[in-house]
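Colleague: The sequence and its predicted three-dimensional model are supplied below.
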Amino acid sequence: MQSLASHTQTFRPFKKATKKVTETKEKIHWSDPKYTAKKRENKSFEAYQQAVLLSFLNQYCSITIEKRRRQPTVTTSIPNIKSLRFEAEEIDVARLAEERCSQTFDEKHFTGKNQQTATRRVQKNKRIFIHNFLLDVLVEKGFFFNSKMSKKSKRGFQLERLKHVFFNNQFIMGKKEIETVGEQVNTILCKLVTDTVSVVTIEKNDPRLMLTKTF
């Protein structure tokens, strides 16, 4: 079987809509409170979605996570993923994300931005890359996802936001379940990494993550 880490692309093609959409959504300015609320909502869902993906993956591999250097104050915290260890392979996903982001986004993508903004965007791209990589690994294990891509940007990867999850052609959960289960799993993950224990390896089939067991 081809090495999971050898993938050159972590994003699956998605079909364009065949019907013309006559209604246009009203654009919300970035200073509007609705924009801020929606952005926070999306970030929280990203955390819950990643937690669900890790719960699924834990049935196949051990997972090493680490505490983020800077913890968010107004959005849901989310641990960094360092590596996945399968029986025949260990994938350093953190290094893989670093390499792919360096190949895809060079300094010209952040021209005119201060160092703090540029660093934040680089970290965001790494996080999204890993997120979508987890989806690809699960697809190889028999999962299928109905999803919507985040807004396209020249300065970043697109995040795949899940709507429905299937396993071996059987429906597993929808968005509400992803939020509910994901919040529980994410809370467990965040409690594992503390100021004294910043890096933790979760062994395969850890009972604490079995909230989403599929077989």
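Modeller: Structure received. Numbering: from 1, shown residues only.

Colleague: show me the contacts for the one residue sitting closest to the centre of the chain.
Modeller: In the chain, the centroid-proximal residue (CA atoms, centre = their mean) is residue 131; its distance is 2.6 Å. By CB atoms under 8 Å, 6 or more residues apart in numbering, the contact set of residue 131 is 46, 49, 50, 53, 159, 160. (Glycine included, C-beta is placed from N, CA and C.)

Colleague: swap in residue 76?
Modeller: 43, 44, 47, 48, 183, 186.

Colleague: what's the closest of the residues you listed to residue 150?
Modeller: residue 43 (11.2 Å; CB to CB).

Colleague: That closest one and residue 78: what is the separation?
Modeller: From residue 43 across to residue 78, the span is 8 Å (CB to CB, to the nearest Å).

Colleague: again, but for residue 134
Modeller: Distance of residue 134 to residue 78, computed by CB to CB: 13 Å.

Colleague: Strands of the chain, start to end?
Modeller: 62-66, 80-85, 90-91, 143-149, 160-167, 170-174, 199-202 (DSSP state E).

Colleague: can the ones you listed go into a markdown table with extra columns for mean pLDDT and mean neighbour count?
Modeller: Below are the strands of the chain laid out as a markdown table (pLDDT from 0 to 100; neighbours: other CB atoms under 10 Å):
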| stretch | mean pLDDT | mean neighbour count |
| --- | --- | --- |
| strand 62-66 | 96 | 20 |
| strand 80-85 | 96 | 20 |
| strand 90-91 | 96 | 17 |
| strand 143-149 | 92 | 15 |
| strand 160-167 | 94 | 18 |
| strand 170-174 | 95 | 14 |
| strand 199-202 | 95 | 16 |
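
Colleague: Looking at those, which is nearest to residue 101?
Modeller: Nearest of the strands of the chain (CB to CB): strand 80-85, 14.0 Å.

Colleague: quick one: strands adjacent to that closest one?
Modeller: strand 62-66 (antiparallel), strand 90-91 (antiparallel) (DSSP bridges).

Colleague: any chance of those strands in CSV, with distance to residue 192 too?
Modeller: Listed next are those as CSV, based on distance: least, CB to CB, whole Å:
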stretch, distance to residue 192
strand 62-66, 7
strand 90-91, 20
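
Colleague: Residue 43 and residue 78: which has the busier surroundings?
Modeller: Neighbour count, other CB atoms under 10 Å: between residue 43 and residue 78, residue 78 has more, with 23 against 14.

Colleague: which one of the strands of the chain lies closest to residue 120?
Modeller: strand 80-85 (14.5 Å).

Colleague: hmm, which two among the contacts of residue 76 are most spread apart?
Modeller: The largest separation in these, counting by CB to CB, is between 43 and 183 at 13.0 Å.
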